[in-house]
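**Student:** What follows is a predicted structure for the sequence shown.
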Amino acid sequence: MSLEDRVRAAAEPHVGDARVPGLVALVASGDEVVVEVLGNLALNGPPVRRDSLFRIASTTKPITAAATLAVIEEGLIGLDEPVDRLLPELAARRVLVRMDGPPATC
């Protein structure tokens with residue numbers, strides 16, 4: 001199954017009246033890039049085009065997560081690596097072990 005077929009198969013079940021009316025998906029794997037366009041801009045609206053505009057909100061977390069997973073895949077950091085090496089200001093963190101107790105060092 002080609003990358004294009006896999007992207008379409010993954011996206012199609014999510015497009016329709018019950019989920020989202022339409023979407024544009026861009027997926028790159030190595031040198032292969034696939035753009036998939038499905039559905040309508042609104043319920044019973046015009047079809048989505050490759051250059052359709054969408055309102056996007058709060059994309060920082062998913063973009064950061066995707067970038068972090070790419071860095072992990074490259075072997076530059078480990079999934080369970082402590083954050084101290086990358087963010088030294090977070091070294092020697094202190095947390096509450098009990099609500100009525102003093103902060104303790106991790």
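**Tutor:** Nice, thanks for sending it over. Bear in mind that the values here come from a model prediction, so they are computed numbers and not experimental data.

**Student:** going forward, measure contacts and count neighbours with C-alpha atoms only.
**Tutor:** Will do.

**Student:** pLDDT wise, what is C106 at?
**Tutor:** Here, the pLDDT recorded for C106 equals 68.

**Student:** Could you do L90 as well?
**Tutor:** 86.

**Student:** Surely it touches P82?
**Tutor:** No - L90 lies out of contact with P82 (CA atoms under 8 Å); the separation is 9.9 Å.

**Student:** quick one: strands adjacent to the one helix or strand in the chain whose mean pLDDT sits lowest?
**Tutor:** Lowest by mean pLDDT, DSSP states H and E among the helices and strands of the chain is strand 103-105, with a mean of 83. Here strand 103-105 has these sheet partners by DSSP bridges: strand 94-96 (antiparallel).

**Student:** quick one: average confidence on the biggest helix by length in the chain?
**Tutor:** The longest helix of the chain (DSSP state H) is helix 60-73. Averaging pLDDT along helix 60-73 gives 92.

**Student:** Give the buried residues for it.
**Tutor:** Residues of helix 60-73 classed as buried by neighbour count (16 or more other CA atoms under 10 Å): none.

**Student:** helices or strands up against the one helix or strand A11 maps to?
**Tutor:** Assigned by DSSP states H and E, A11 belongs to helix 3-11. If you count contacts as 3 or more CA pairs under 8 Å, 6 or more residues apart in numbering; DSSP states H and E, helix 3-11 packs onto strand 22-29, strand 32-39.
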